[in-house]
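1. curious how this folds, go ahead:
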Amino acid sequence: MNNMVKKYKTKNGQILLITLLVLTILSIITVSLVILVNKDIKQVVSNDKYEQSYNASESQLSRFLDKYATYKIPAITALITDPVLGVGCIPGPQFVDKTEVTCTFNNDPNLTSFKTDTTSVVIDDLKKLDAYPINKDSAYELNLNNGVSGYNGRLDISWDKQPSAIDFALIYSDSTGKERMIRDVYDFNGIFFSNLGGTYSSNNLIHPFDFYNNINNSALNTSFTISKIKGLNGVPKTLRITLRMKNLNDSTQVTVIPSDFVTFPIQMREFTSTSFDSKDANPPVAKVQTKIPLYPQLDSFFDYSLISNIALTVGTGSTPPQPP
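-> Here you go, the predicted structure:
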């Protein structure tokens with residue numbers, strides 16, 4: 001009899017334990033499902049708010065691009081006096097290397113479909129070329145015409161991916177007003193470069209440009225001084241930078257920094273539009289950015305430079321001179 005009572009109690013205890021265990025598991029599953037559902041709801045709401053913010057950023061940005069994404073308006077400060085787009089725009093911090101204008105808007109939900117209520121558009125006129133993407137066999141025409149004697153200082157040029165070579169073409173105006181060109185090629189892996197005491201420099205008997213760099217990884221950067229370019233006898237106007245790359249449809253981002261920002265002209269205009277909902281404690285922020293050159297750009301697909309240590313002639317089928 002006692003054994004039967006013990007077995008009955010043991011069995012009840014096991015059932016109770018199993019019941020508690022099942023209830024615990026069900027509770028955990030329920031809580032997990034609630035958390036996941038809430039997380040999904042928050043994610044959907046966040047995505048919806050971000051999409052609204054992105055649309056607001058893109059819409060406001062396009063208004064400025066339609067009128068001010070052009071080299072025909074040389075200074076973005078003209079925006080401040082614009083009777084339509086200039087409303088809400090004030091001068092931003094002024095630096096030696098850039099001029100800034102900041103425009104802030106309230107997206108009135110009664111007038112627009114945007115739930116996002118705040119958009120800020122910052123427009124910078126930059127004197128340096130800042131990580132500008134250049135496609136294979138395409139060129140960027142760097143403006144050197146400052147309206148006086150042209151920019152004659154040093155240029156520090158870098159890129160984020162090693163190209164096969166970089167073509168440089170300096171266009172200058174001589175004493176008679178004619179435009180002339182001096183060309184050179186920077187090819188870090190070429191035979192016309194040498195490592196002298198840790199400083200990479202070009203063979204100046206061949207190169208008109210005084211390529212030099214004391215940075216270890218000179219495959220991704222170089223420097224030269226405009227006034228030291230051999231054959232320059234006039235006022236520098238532009239510098240054409242053309243990327244030569246082995247891979248099809250490749251590109252690299254190029255940065256050009258002058259040693260003297262005071263005499264260096266503005267090179268590019270950068271538009272950055274940011275939108276968010278100020279009523280939200282942790283709002284998703286949507287940013288849209290674009291950059292445009294502030295100088296007319298040319299198609300230079302068939303524009304190549306050639307460096308040789310022998311004289312080249314254009315003949316009528318005759319055998320060209322052979323290297324020694």
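2. residues near the residue lying closest to residue 209 once chain neighbours are set aside, how many?
-> Nearest residue to residue 209 in three dimensions, chain neighbours excluded: residue 184, at 4.1 Å (CB to CB, 6 or more residues apart in numbering). C-beta coordinates here come from the backbone N, C-alpha and C atoms, glycine included. For residue 184, the neighbour count with other CB atoms under 10 Å is 22.
3. contacts for stretch 136-151?
-> 129, 132, 134, 167, 172, 226, 235-245, 247-251, 254, 256, 258, 260, 263-267, 293-298, 300-301, 303 (CB atoms under 8 Å, 6 or more residues apart in numbering).
4. list buried residues within the residues you listed.
-> Applying 16 or more other CB atoms under 10 Å to the contacts of stretch 136-151, the neighbour count classes 129, 132, 134, 167, 172, 226, 235-245, 251, 254, 256, 258, 263-267, 293-295, 300 as buried.
5. in helices, which of the residues you listed fall?
-> Of the buried ones among the contacts of stretch 136-151, none are assigned to helices by DSSP state H.
6. those residues in strands, which ones?
-> Members of the buried ones among the contacts of stretch 136-151 lying in strands (criterion: DSSP state E): 129, 132, 134, 167, 172, 235-244, 251, 254, 256, 258, 293.
7. so, low pLDDT: which residues of the stretch 101-250 of the chain?
-> The stretch 101-250 of the chain contains residues with pLDDT under 70 at 107-117, 163-164, 189-205, 214-218, 248.
8. ok, now with 50
-> Residues of the stretch 101-250 of the chain that meet the criterion pLDDT under 50 lie in 110-114, 195-198.
9. what comes up buried for stretch 219-231?
-> Within stretch 219-231, the residues scored as buried using 16+ other CB under 10 Å are 220, 221, 222, 223, 224, 226, 229.
10. could you do stretch 122-134 as well?
-> Neighbour-count burial for stretch 122-134, with 16+ other CB under 10 Å as criterion, is recorded at 122, 123, 124, 125, 126, 127, 128, 129, 130, 132, 134.
11. how near is the third one to residue 78?
-> The spacing between residue 124 and residue 78, counted by CB to CB, to the nearest Å, is 14 Å.
12. same question, the last one
-> Spatial separation of residue 134 from residue 78 under the definition CB to CB is 28 Å.
13. now do the phi/psi pair for residue 170.
-> As for residue 170, its main-chain torsions (degrees, to the nearest 10) stand at phi -90, psi 120.
14. contacts only, for the nearest residue to it once chain neighbours are set aside.
-> Distances taken as CB to CB, 6+ apart place residue 182 nearest to residue 170, at 4.6 Å, with adjacent residues excluded. Taking CB under 8 Å, 6+ apart as the criterion, residue 182 is in contact with 169, 170, 172, 208, 209, 229, 230, 231, 232.
15. surely the fourth one is within a strand?
-> No - applying DSSP: H, G, I helix; E, B strand; the rest coil, one finds residue 208 to be coil, outside a strand.
16. next up, the contacts around it.
-> So residue 208 contacts 182, 183, 184, 229, 230, 231 (CB under 8 Å, 6+ apart).
17. isn't the fourth one right up against residue 210?
-> Yes - with contact defined as CB atoms under 8 Å, residue 229 counts as touching residue 210 (7.1 Å).
18. for residue 59, what are phi and psi?
-> Backbone geometry at residue 59, expressed as degrees, to the nearest 10, gives phi -70, psi -50.
19. how about stretch 165-179: buried residues?
-> Buried residues in stretch 165-179, counted by 16+ other CB under 10 Å: 165, 166, 167, 168, 169, 170, 171, 172.
20. from these, which two are the most distant?
-> Greatest spatial distance in the buried residues of stretch 165-179: 165 and 172, 22.4 Å, computed using CB to CB.
21. before we move on, the earlier item: surely the residue nearest to residue 209 meets residue 207?
-> Yes - counting by CB under 8 Å, residue 207 is a contact partner of residue 184 at 5.5 Å.
22. so what's the residue count around residue 183?
-> 18.
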